[in-house]
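Asker: Predicted model, plus sequence, below.
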Amino acid sequence: MKEVKHFINGEFVGSASGKLFDNINPATGEKIGIVHEAGAPEVDAAVNAARAAMQGDWGRMPLAERANLLHKLADGITARFDEFLEAECLDTGKPQKLACHIDIPRGAANFKIFADVVKNVPTESFMLDTPDGQGALNYSVRKPKGVIAVISPWNLPLLLMTWKVGPALACGNAVVVKPSEETPFTTTLLGEVMNEVGIPKGVYNVVHGFGPNSAGEFLTRHKGVDGITFTGETGTGAAIMKAAADDITDISFELGGKNPALVFADCDMDKAVEGTLRSAFANCGQVCLGTERVYVEREIYDTFVERLKSGAEALKMGQWDDPETDMGPLISEEHRSKVLSYYRKAEEEGATVVTGGSTPEMPDGLAGGAWVQPTIWTDLPDDADCVREEIFGPCCHIRPFDSEDEAIALANDTDYGLATAIWTENSSRAHRVAAQVDAGIAWVNSWFLRDLRTPFGGSKQSGIGREGGVHSLEFYTELKNVCIKL
Ligand code: NAD
Ligand code: 6OD
């Protein structure tokens, strides 16, 4: 049983209140850890440590040295790959097949990429004409924003947390991270690596706890925080935005999605089926970029539905360390109740259940876990809740379309705008459709293929701002213009 403490000013500390909560393995339902819950004193201490780091060695460190440390940090994660892998898989139940290709390598890559990005950012300058003919030189200076609060979710814990901590540190900020209460392990383990590689004390701090009236809210309302970067549900984003409004604290939000996949008759069917199996069921459907709405051109609709059904039924559920396992459980019993309530609702709303729709029989040892069947529906009306609301489970609804215009209109008929996957071998169509779907990212003949130098984020209710590559500097730095009269 692990005891999970906060990581403040380079040290692992418990809560003054003595308040603890359980950490549950979602695959088995067993308790695997007890976690200290931060109150206002721990959040204060973490923010103060971060502020002191900004005023100390970290704040004065030359960029090249900082970037070098971030490369060491990435190497430190890789050196302890198996520990990170086990910690992440126990916390989430996700299969090692997924985590060893995505979660852990990205945890390291997120530090390397931003260390390299910041070293190559040019300084903008303009010469201004002046009446005396001498002119004035304008140039911009970038400064770290200060203390950044990072609030992260449970679905890709290390990946999504480092996706924010990487650019924050590369830009010279100090951070206080509040990981999801469901997944405290890897964020805490990263504290050990920070110390091992010599990141100065106070640069990376972690406080554990919940959202409202707990560590999350105390952090987002803290006056010592200069920026809040949040990944999670749209409703939580709204609550954090209200908290941030009191002090006009800057925000960057990556929120929910109800993403469409558009499958045209001119697609490569094998690729489209394989890609949609991943975009609907990877990580047990708990990926914000997942495609819970699948639109298929009518002439290939029946074949596609049949092939997706066979693929879904072939997915093997099991323990994280079984190399054959394709799909783990949902994150918690509470989340399973939510997903199962949508499974029931889909039937009430008139769905034909193509496959799944319930809970699977699991063997001894896994029977207490949060397992659900991968589920495919057809025949739901466009205004059904199951078509409009983010479910965040291994499920999708498939609906036929008859023209490109109809496909685009269906794709955009949503409050969200995070991602889309377009399947077509017609490159003109690919460009045309990608341009018209309202989404932060449009994948063509792929899904979750990420170049970390590109802008990432959502439109509409899927987020505010873009991060990735140089775009991350918009949030993690403050720009100042210097105007020198010559
Ligand atoms: P969540 O919003 O419930 O929680 C996210 C984090 O916010 C947790 O650490 C939680 O403790 C904290 N929190 C909750 N209420 C808070 C409050 N009032 N003040 C401060 N902090 C608070 O999200 P989740 O259930 O952990 O994650 C799933 C959601 O995240 C889905 O909606 C998914 O689409 C979204 N998500 C989006 C992206 C993206 O890039 N757009 C990526 C991953 C997940
Ligand atoms: O790949 C990323 O950088 C990213 N932010 C992915 C988000 C996945 C959502 O679940």
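Answerer: Sure, I can see it. All values reported here derive from a predicted model rather than from experimental measurement. Ligands and ions are numbered 1, 2, ... in the order given.
Asker: For the host helix or strand of Ile408, enumerate the helices and strands it packs against.
Answerer: Using DSSP states H and E, Ile408 falls within helix 404-412. Counting contacts by 3 or more C-beta pairs under 8 Å, 6 or more residues apart in numbering; DSSP states H and E, helix 404-412 is packed against strand 260-263, strand 293-297, strand 395-401, helix 427-436. No exception for glycine: its C-beta is placed from N, CA and C like everyone else's.
Asker: how about the CA coordinates for that helix, as PDB?
Answerer: This file holds the C-alpha atoms of helix 404-412, laid out as PDB (Å, rounded to 0.1, in the frame of the first residue of the first chain):
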ATOM      1  CA  GLU A 404     -20.200  15.800 -48.200                       C
ATOM      2  CA  ASP A 405     -22.300  18.900 -47.200                       C
ATOM      3  CA  GLU A 406     -24.500  16.800 -45.000                       C
ATOM      4  CA  ALA A 407     -21.400  15.200 -43.400                       C
ATOM      5  CA  ILE A 408     -19.900  18.600 -42.600                       C
ATOM      6  CA  ALA A 409     -23.200  19.900 -41.200                       C
ATOM      7  CA  LEU A 410     -23.600  16.800 -39.000                       C
ATOM      8  CA  ALA A 411     -20.000  17.100 -37.800                       C
ATOM      9  CA  ASN A 412     -20.500  20.700 -36.800                       C
END
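Asker: who's in contact with it?
Answerer: 260, 262, 264, 293, 295, 297, 382, 399, 401, 420, 429, 432-433, 436-438 (C-beta atoms under 8 Å, 6 or more residues apart in numbering).
Asker: in it, what counts as buried?
Answerer: Judged by neighbour count using 16 or more other C-beta atoms under 10 Å, the buried positions of helix 404-412 are Glu404, Ala407, Ile408, Leu410, Ala411.
Asker: same question, stretch 293-313
Answerer: 293-297, 300-301, 304-305, 307-309, 311-312.
Asker: Next, the contact list for the most centrally placed residue in the chain, please.
Answerer: Centroid check for the chain by C-alpha atoms, centre = their mean gives Leu160 as the closest residue, at 4.2 Å. By C-beta under 8 Å, 6+ apart, the residues touching Leu160 are Ser152, Pro153, Thr231, Glu254.
Asker: secondary structure element for it?
Answerer: helix 157-170.
Asker: out of the contacts of Leu160, which are inside strands?
Answerer: Counting by DSSP state E, the part of the contacts of Leu160 found in strands is Thr231, Glu254.
Asker: Of the contacts of Leu160, which is the nearest to ligand 2?
Answerer: Set against ligand 2, the nearest of the contacts of Leu160 by C-beta to the nearest ligand atom is Glu254 (6.0 Å).
Asker: doesn't Thr231 make contact with that closest one?
Answerer: Yes. At 4.4 Å, Glu254 and Thr231 qualify as touching, with contact defined as C-beta atoms under 8 Å.
Asker: measure the closest residue to ligand 2 within the stretch 1-150 of the chain to Val296 for me?
Answerer: In the stretch 1-150 of the chain, the residue that lies nearest ligand 2 is Arg106 (6.8 Å; C-beta to the nearest ligand atom). Distance, Arg106 to Val296, by C-beta to C-beta, to the nearest Å: 31 Å.
Asker: list the contacts for the residue of the chain found nearest ligand 2?
Answerer: Proximity of the chain to ligand 2 (C-beta to the nearest ligand atom) peaks at Cys288, 3.4 Å away. By C-beta under 8 Å, 6+ apart, Cys288 lies in contact with Asn155, Thr231, Glu254, Leu255, Gly256, Gly257, Leu418, Ala419, Ser462.
Asker: That'll do, ta.
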